[in-house]
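> Quick one: sequence and predicted model below, then my questions.
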Amino acid sequence: MLTGSIKKLVHERGFGFINADDGQEYFFHRTALDSSIDFDRLSGGERVGFEVERSDKGPRAAQVRLAA
């Protein structure tokens, strides 16, 4: 599992980006969030843990949850 911080949110389109601690940036869709996270209440900067999965457009974050 990787960790990082939410960098940018596009609330009207339901996605965002995570700056991972490995130096990469990962796209995520609101459907990738753990059910305990309300996408509409995110403001950016939150620390998260996530898995990486492949997609047609490259790697993206999956199973995103708040880091302890």
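Great, that's in hand. Numbering: from 1, shown residues only.
> contacts, neighbours, all on C-alpha from now
Noted.
> Give the ranges of residues in the protein that sit below the confidence cut-off.
Applying pLDDT under 70 to the chain flags no residue at all.
> Can you list the neighbours in contact with the lengthiest strand in it?
Identified as the longest strand of the chain according to DSSP state E is strand 2-10. Contact with strand 2-10 is made by 15-22, 42-52, 67, as judged by CA atoms under 8 Å, 6 or more residues apart in numbering.
> helices or strands up against the very next helix or strand once past it?
The helix or strand immediately downstream of strand 2-10 is strand 15-20, counting by DSSP states H and E. Other helices and strands packing on strand 15-20, by 3 or more CA pairs under 8 Å, 6 or more residues apart in numbering; DSSP states H and E, are strand 2-10, strand 25-29.
> Tell me which of these is the most buried.
strand 25-29 (a mean of 20; mean count of other CA atoms under 10 Å).
> quick one: that strand to chain centroid distance?
Chain-centre distance of strand 25-29: 5 Å, with CA atoms, centre = their mean, to the nearest Å.
> How about the residue in the chain that sits furthest from its center?
D56 (17.3 Å; CA atoms, centre = their mean).
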